[in-house]
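> Following is a predicted model, sequence given first.
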Amino acid sequence: MNVAGKPTRTIWPAADGASVEIIDQTRLPHRYEIATLRTLDDAAHAISAMLVRGAPLIGATAAYGMWLALRADPSDAALTHAYDTLYATRPTAVNLRWALDRVRTAVSPLTPADRAAATRDLAAALCDEDVAINHAIGQAGLALIRDLAATKPAGQPVNILTHCNAGWLATVDWGTATSPIYQAHDAGIPVHVWVDETRPRNQGFHLTAWELLNHGVPHTCIVDNAGGHLMQHGQVDLVIVGTDRTTATGDVCNKIGTYLKALAAHDNGVPFYVALPSPTIDWTVRDGVREIPIEERGAHEVTHVSGLTTDGEVASLQIPPTGSPAANPAFDVTPARLVTGLLTERGLCPATHAGLAQLFPDHAQIS
Ligand SMILES: CSC[C@@H](O)[C@@H](O)C(=O)COP(=O)(O)O
């Protein structure tokens with residue numbers, strides 16, 4: 001997508017041929033800064049401290065992190081150490097394991113001397129694959145938005161609510177939940193997006209709003225608690241969210257608060273769609289609530305918010321009284337029964353094992 005009119009991805013190999021560059025997402029929306037990753041530890045830190053975040057981008061960064069590690073030491077021991085270090089960075093998005101497995105499977109049989117170049121090429125290929133997948137997800141979602149637009153009075157926008165950031169910043173390009181929105185907007189279909197703030201880290205306000213503003217997509221920032229009210233008053237035509245891990249049975253794990261939006265959508269008859277690239281499907285898991293590991297992050301993210309002061313400085317403010325404990329489960333699971341449909345690169349399917357298996361017969365067996 002464009003940043004200040006320039007086509008930009010979220011991660012790319014640097015011109016020096018020895019490092020990787022990323023957009024530092026902890027600085028957005030008030031500062032736009034590029035960070036350089038030179039080592040395995042840089043890549044691991046970028047993921048765990050959320051300079052990069054979002055399931056597909058976590059996977060892409062991990063693949064490049066393997067490259068940085070193998071450039072320094074291509075031995076079997078270093079390969080194992082890099083895999084384990086990156087795997088430990090964040091527990092919920094399954095794209096991390098998927099990308100690490102892709103790299104390990106591809107380069108383990110190679111002689112050490114050949115491993116770094118092969119990993120660099122594979123990381124670049126995974127990034128290109130992600131862009132193509134997300135574009136295809138957008139095509140599937142565009143059809144839904146077009147159908148809804150046809151039911152509206154001329155000129156009235158399709159109102160779409162999204163939670164967190166499943167935008168191009170969460171992927172290599174296009175985003176998952178936002179890809180249909182960008183494609184509808186670019187096709188001249190009037191759309192308007194309700195952007196959930198997404199406490200505690202505010203990915204909605206910090207990242208999704210910034211993206212939509214850059215692309216000229218009409219949107220409105222709302223607090224996390226407003227969605228149900230808007231749905232009761234007919235102001236939401238559909239919800240589209242992303243996912244960090246979707247089970248083989250269609251349960252959807254996504255940013256904390258997604259489940260509440262799904263409940264409100266269900267109660268109000270608002271269609272609730274989940275956009276996902278196939279690497280986000282965990283074919284080994286049946287029951288999302290019981291089996292998916294939910295990341296617990298630090299209390300500081302809950303007790304503090306960051307934003308722009310009237311002096312134009314970025315500052316962090318404590319909200320609750322000093323001494324009040326805080327809990328920070330970062331994700332929740334929306335049971336498949338609350339999901340209207342799954343938007344994948346192979347099209348739309350019901351949130352069921354049969355639905356997923358029909359689109360992805362090569363993966364269909366679950367244990
Ligand atoms: C296409 S991204 C899908 C999800 O990864 C996204 O919705 C989300 O929950 C991101 O969480 P984050 O904690 O910011 O990594």
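Great, that's in hand. What you see is a predicted model, and the numbers here were worked out from it, not measured in a lab.
> For the stretch 51-200 of the chain, which residues are neighbours of the ligand?
Within the stretch 51-200 of the chain, the positions lying close to the ligand (Cβ under 6 Å from any ligand atom) are Arg53, Gly54, Ala55, Pro56, Ala93, Cys164, Ala166, Ala170, Thr171, Thr176. Placement of C-beta: from N, CA and C, glycine included.
> Any chance of a PyMOL selection covering the buried ones in those residues?
One line in PyMOL is enough to select the buried ones among those; burial here means 16 or more other Cβ atoms under 10 Å:
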select buried, resi 53+54+55+56+93+164+166+170+171+176
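> could the residues of the stretch 51-200 of the chain next to the ligand be laid out in JSON lines, adding secondary structure and pLDDT?
Listed next are those as JSON lines, based on DSSP: H, G, I helix; E, B strand; the rest coil; pLDDT from 0 to 100:
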{"residue": "Arg53", "secondary structure": "coil", "pLDDT": "98"}
{"residue": "Gly54", "secondary structure": "coil", "pLDDT": "98"}
{"residue": "Ala55", "secondary structure": "helix", "pLDDT": "98"}
{"residue": "Pro56", "secondary structure": "helix", "pLDDT": "98"}
{"residue": "Ala93", "secondary structure": "coil", "pLDDT": "97"}
{"residue": "Cys164", "secondary structure": "coil", "pLDDT": "98"}
{"residue": "Ala166", "secondary structure": "coil", "pLDDT": "98"}
{"residue": "Ala170", "secondary structure": "helix", "pLDDT": "98"}
{"residue": "Thr171", "secondary structure": "coil", "pLDDT": "98"}
{"residue": "Thr176", "secondary structure": "coil", "pLDDT": "98"}
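> Where does pLDDT dip in the stretch 151-300 of the chain?
With pLDDT under 70 as the threshold, the stretch 151-300 of the chain has no low-confidence stretch at all.
> which residues of it fall in strands?
Assigned by DSSP state E, counting those that start in this stretch, the strands in the stretch 151-300 of the chain fall at 158-162, 191-196, 219-222, 238-241, 245-247, 252-255, 272-275, 281-282.
> What are the contacting residues of the third one?
When contacts are defined by Cβ atoms under 8 Å, 6 or more residues apart in numbering, strand 219-222 is touched by residues 192-197, 204-205, 208-209, 212-213, 230.
> okay, among those residues, which ones form the most distant pair?
Leu213 and Leu230 (20.3 Å; Cβ to Cβ).
> Would you mind telling me which of the two has the busier surroundings?
Higher neighbour count among Leu213 and Leu230: Leu230, with 18 against 13, using other Cβ atoms under 10 Å.
> ok, so what distance separates that one from the ligand?
Per Cβ to the nearest ligand atom, to the nearest Å, Leu230 is found 20 Å from the ligand.
> do Thr220 as well
The value you get for Thr220 to the ligand, if Cβ to the nearest ligand atom is used, is 19 Å.
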